[in-house]
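Participant: Got a predicted model here, sequence first, then my questions.
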Amino acid sequence: MENYLNENFGDVKPKNSSEEALERWRKLCWIVKNRKRRFRFTANLSKRFEAEAIRRSNQEKFRVAVLVSQAALQFIHGLNLSSEYEAPEEVKAAGFQICADELGSIVEGHDVKKLKIHGGVEDIATKLSTSIVNGIPTSEHLINERKHIYGINKFTETPQRGFWVFVWEALQDTTLMILAVCALVSLAVGITVEGWPKGAYDGLGIVLSILLVVFVTATSDYRQSLQFRDLDKEKKKIMVQVTRDGLRQKISIFDLLPGDIVHLAIGDQVPADGLFISGFSVLINESSLTGECEPVNVNAINPFLLSGTKVQDGSCKMLVTTVGMRTQWGKLMATLSEGGDDETPLQVKLNGVATIIGKIGLYFAVVTFAVLVQGLFSRKLKDGTHWTWSGDDAMEMLEFFAIAVTIVVVAVPEGLPLAVTLSLAFAMKKMMNDKALVRHLAACETMGSSTSICSDKTGTLTTNHMTVVKTCICEEIKEVSNSIKSNHFRSAVPESAVKILLESIFNNTGGEVVNNKDKKIEILGTPTETALLEFGLLLGGDFQAERRASKIVKVEPFNSEKKRMAVVIEFPEGGFRAHCKGASEIILAACDKVISSNGDVVPMNEPTTNHLRNTIEQFASEALRTLCLAYMDMGTGFSVDSPLPLQGYTCIGIVGIKDPVRPGVKESVAICKSAGITVRMVTGDNINTAKAIAREIGILTENGIAIEGPDFREKSEEELHELIPKIQVMARSSPMDKHTLVKHLRTTFGEVVAVTGDGTNDAPALHEADIGLAMGIAGTEVAKESADVIILDDNFSTIVTVAKWGRSVYINIQKFVQFQLTVNVVALIVNFSSACLTGNAPLTAVQLLWVNMIMDTLGALALATEPPNDDLMKRSPVGRKGNFISNVMWRNILGQSVYQFVIIWFLQTRGKAFFHLDGSDSDLILNTLIFNSFVFCQVFNEISSREMEKVNVFKGILNNHVFVAVLSCTVIFQIVIVEFLGTFASTCALTLQQWIVSVCLGFLGMPIAAALKLIPVGSI
């Protein structure tokens, strides 16, 4: 079976599956009882094609707009353009001078002419009653007026489907429809022949069973849809930095309004359409909107920013002009949201299993019907009544047909693929509570198979709460403490050196010191930037005063490739100065001068260089993150378009930043090792810092290798093949080094790789990995969009929790498949063999529908929602090659099926003698006993299925409230069916002795299951 599944249903990958693969498996699933339900949690390919058509249309539209705006620029410079635009009265009455449609046409159409007519960005800000410095006023009345005129930043979503929609979809089941028709015919014939109410019992029994199945199925599906809805809301939560009332604050993108001043940085998603106010080196990736991969330069000449695009480089301030469904992104998102997630490989595989068993079941159903009908004909021939047919004969034929259809109901395990989504929905909801947001369904099950985790150091293995604890300024090493007075530190350092140090810290930064909405000073930026700015403030520096003292004319944002950041400032009296900071050894190599102990700039000689290098190594060996700060005076001849020089800098000093190891990380790494998962540290930090932390938390062992990115890049394919399995730490790595490592682990070594990332440049590695894990706090929107799971607390221990849940999902579905296939096999063989050998079926249509519900919806609820336990992380990972239906499962399925079949067959052939049944109702009592024993076999088999290999199946059973509730409901309802609903279910009340024997026969399956688990089989 596994080979068939791999050949026909194995093309679908956990991520990035081709459209052909998604189409192919759908065509192979031709035995489907309910298409709406079976394919509910699969991708809507037609909607995806529609979204792609919108992208192509956008691409052409924006290409034309850009060409037109470029042509317009050549004509409008120097022209005196007069405005013919008049704002509508409603807009004027609200205090604005421009309407939403006019704003939309300027940005979406890249209309330079209209922009100039309206007086440029500053005049548009005035017309929007906002300030490009202080932002919009936040009084409730003014905010509501703004919403009324310009709309809100929300996209049209598919409305939440109500419970009755799921009831209607459950009724679309073809086999249930056929049974409903049978029930109606049965009612009509029964009432005609036997009168009311006696003639209606059989038909009403089927109707009530159908309604029970439909309502239980609809309730389960509805609850599942609510869970996915909640998760979708979490996925769309994006916070942005804005200025309102002159104060910086974080707000949800859904609260943005035209007139808002948004601060964008590298890796951010542009949250609405808008205009560039100020910024440096801004490159925008518009591929999500237009399909074009080439980034676009955005500046004062081309100031148009489109919602949904990504900041690939640089930072800027933006004026929001258009929001929500008035943007092209809004229209595209409305279509994309209907496209759905790709189906997971497990879903597809189980669709394959359902198809195979469905074909077998259909064959058995046809043969069973033929045998039963042939038996009726034989009897009538024998009696000589084959030419006369009564209502009873018609009813019997109808019963045979209903049994055949019900065999198909039981045989086609529609619940198998749906159990995957049920288990995933349950796991994803629980993982949210454990600080992990799953963006793609497949990641949940793939994480359970992971064999390797490549983790960042900063913020994932460490706390990301950074502070400067040591410095080497003016060639002297000093310790820094938050308790020291700034004048004490300053007195030990020449004033000229302090002045240049503060100038470097406050100008060459991606962070800011601002007043927040509580009117308190707040430091914004990455943890590294925050640590430096805190150090600057500790020295008595004034961020705003330093910024006013000079003008920043060029910024080179931090880049993972160059591992440095640089700015050029212009002084009021003339002259330029470049400030540079970054990886200590790289910046130090660019320096040829240093500030001496007396504050003078002196040439750097060999002893000085060695002293600084030793300082870097000393700091790194203490697990400190080191940064080197440098500057260069550039005179008056610098041009903004010129590249910054790479050599000739003066070293200001080296800072050592402490970033403590997260509590619990060492234990989590040990858990991964016991689970057969290799943990590798991949960091851009200094190799000595990386090694010190890796040893502390147990990643770097005696036999492991620590390597630097530049050395890794130079290795040949043969050397890499030898080296990669031993690599435990990669320092000074670039994003492409990480990508190369991941690619080799996946393709050459067949590992299932999980990778963490937080920066924009990590996107290729996150995309390449089997599971991309983005950081929720430190991660950029670009990284999050490329990821499969977002680690909301940036904690490595949460990654281990995700792996545990992934394993739990995989094993829970295996348990459910084992349970359901056992019921399938027994129900098919029992009814088929009985029909062939005795001429009647022991289980009626109503009884089979109840059995179907036990094994389908209720079984999935009980087994697919089992929470994870610590023992899961003591197993070896499944990896890439593991068979889903393992030898262990086949052993349990076949052993339990044989036992159950023997019990049912014994009752059929020897039951009357065993129970001393000889009255007129002996057949009815015997069939009730068979039905009751069969159901209790499933009840106890469900308990045995909690563990596929362990004998103790009761461990933790009371902690799983869903399992206990489902099992209790099954037993209670079984008692009700047998004792009180006999008229409808073709059963009769049993004696206490008969109940005890039925339950004991079911219970005997548990020691049988325990004995089976002692039989050794291969793990494949």
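Facilitator: Done, it's in. Quick caveat, the model's predicted, so the values are computed rather than measured.
Participant: quick one, strands of the stretch 451-600 of the chain?
Facilitator: Using DSSP state E, counting those that start in this stretch, the strands of the stretch 451-600 of the chain run over 452-455, 467-473, 476-479, 512-515, 521-524, 551-559, 564-570, 576-583, 591-595.
Participant: So which of those is nearest residue 1013?
Facilitator: The closest of the strands of the stretch 451-600 of the chain to residue 1013 is strand 452-455. By C-beta to C-beta, the value is 30.7 Å. C-beta: built from backbone N, CA, C; applies to glycine.
Participant: Can I get the strands of the stretch 451-600 of the chain in TSV including distance to residue 359?
Facilitator: Formatted as TSV, the strands of the stretch 451-600 of the chain follow (distance: least, C-beta to C-beta, whole Å):
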stretch	distance to residue 359
strand 452-455	39
strand 467-473	66
strand 476-479	75
strand 512-515	65
strand 521-524	62
strand 551-559	57
strand 564-570	63
strand 576-583	62
strand 591-595	74
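Participant: quick one, which of those is nearest to residue 965?
Facilitator: Among these, the nearest to residue 965 by C-beta to C-beta is strand 452-455 (35.9 Å).
Participant: residue at max distance from the center of this protein?
Facilitator: In the chain, the residue that sits farthest from the middle, by C-alpha atoms, centre = their mean, is residue 384; the gap is 68.7 Å.
Participant: Using TSV, lay out the strands of the stretch 451-600 of the chain together with mean pLDDT and mean neighbour count.
Facilitator: Below are the strands of the stretch 451-600 of the chain laid out as TSV (pLDDT from 0 to 100; neighbours: other C-beta atoms under 10 Å):
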stretch	mean pLDDT	mean neighbour count
strand 452-455	91	24
strand 467-473	91	21
strand 476-479	87	14
strand 512-515	84	18
strand 521-524	85	16
strand 551-559	86	17
strand 564-570	91	22
strand 576-583	93	22
strand 591-595	93	20
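Participant: To residue 352, which of these lies closest?
Facilitator: Nearest of those (C-beta to C-beta): strand 452-455, 28.0 Å.
Participant: Off-centre distance for that closest one?
Facilitator: 17 Å (C-alpha atoms, centre = their mean, to the nearest Å).
Participant: close enough to count as contact, residue 351 and residue 27?
Facilitator: No: with contact defined as C-beta atoms under 8 Å, residue 351 does not count as touching residue 27 (11.5 Å).
Participant: So between the two, which is more surrounded?
Facilitator: More crowded of residue 351 and residue 27, by other C-beta atoms under 10 Å: residue 351, with 27 against 7.
Participant: Can you tell me how far residue 534 is from residue 146?
Facilitator: Residue 534 sits 36 Å away from residue 146, going by C-beta to C-beta, to the nearest Å.
Participant: what do you get for residue 100?
Facilitator: On the measure of C-beta to C-beta, residue 100 and residue 146 end up 10 Å apart.
Participant: Can you pick out the residue with more neighbours from the two?
Facilitator: Just comparing residue 100 and residue 146: by other C-beta under 10 Å the higher neighbour count belongs to residue 146, 23 against 19.
Participant: picking that back up, so which of the strands of the stretch 451-600 of the chain gets nearest residue 325?
Facilitator: Among the strands of the stretch 451-600 of the chain, the nearest to residue 325 by C-beta to C-beta is strand 521-524 (31.1 Å).
Participant: Give me the residues contacting that closest one.
Facilitator: For strand 521-524, contacts defined as C-beta atoms under 8 Å, 6 or more residues apart in numbering pick out 241, 248, 511-516, 530, 533-534, 537.
Participant: Tell me which of the strands of the stretch 451-600 of the chain lies nearest to residue 940.
Facilitator: Closest to residue 940 of the strands of the stretch 451-600 of the chain, according to C-beta to C-beta: strand 452-455, at 39.4 Å.
Participant: list the contacts for residue 508?
Facilitator: Taking C-beta under 8 Å, 6+ apart, one finds 565-567, 579-581, 629 in contact with residue 508.
Participant: State the pair within these that is farthest apart.
Facilitator: Spatial extent of the contacts of residue 508 (C-beta to C-beta) is set by the pair 567 and 629 at 11.8 Å.
Participant: Identify the contacts common to the two.
Facilitator: Contacts common to residue 567 and residue 629, judged by C-beta under 8 Å, 6+ apart, are 508, 579.
Participant: Wait, residue 827 touches residue 848, no?
Facilitator: Yes: contact criterion C-beta under 8 Å: residue 827 and residue 848 qualify, at 6.8 Å.
Participant: show me where the stretch 351-500 of the chain has helices.
Facilitator: With DSSP state H, counting those that start in this stretch as the criterion, the stretch 351-500 of the chain has helices at 391-411, 415-433, 441-447, 486-491, 495-507.
Participant: Specify the local secondary structure of residue 279.
Facilitator: Three-state call for residue 279 (DSSP: H, G, I helix; E, B strand; the rest coil): strand.
Participant: buried stuff in stretch 349-362?
Facilitator: For stretch 349-362, burial by neighbour count (16 or more other C-beta atoms under 10 Å) applies to 349-358, 360-362.
Participant: er, stretch 399-410 actually
Facilitator: Applying 16+ other C-beta under 10 Å to stretch 399-410 flags 399-410 as buried.
Participant: same check, this time on stretch 597-607
Facilitator: 601, 604.
Participant: hmm, who's touching that stretch?
Facilitator: Residues contacting stretch 597-607 (C-beta under 8 Å, 6+ apart): 474-476, 494-497, 591-596, 650-651.
Participant: now the stretch 801-950 of the chain, which segments are flagged as low pLDDT?
Facilitator: Confidence mapping of the stretch 801-950 of the chain against pLDDT under 70 gives the ranges 839-841, 880-882.
Participant: how about a cut-off of 50?
Facilitator: For the stretch 801-950 of the chain, not a single residue meets the criterion pLDDT under 50.
Participant: what's the single longest helix in the protein?
Facilitator: In the chain, assigned by DSSP state H, the helix with the most residues is helix 796-838.
Participant: next structured bit after that one?
Facilitator: The first helix or strand that comes after helix 796-838 along the chain, using DSSP states H and E, is helix 845-853.
Participant: by contact count, what packs against that following helix?
Facilitator: Packing partners of helix 845-853 (3 or more C-beta pairs under 8 Å, 6 or more residues apart in numbering; DSSP states H and E): helix 174-194, helix 201-235, helix 391-411, helix 796-838, helix 922-944, helix 982-985.
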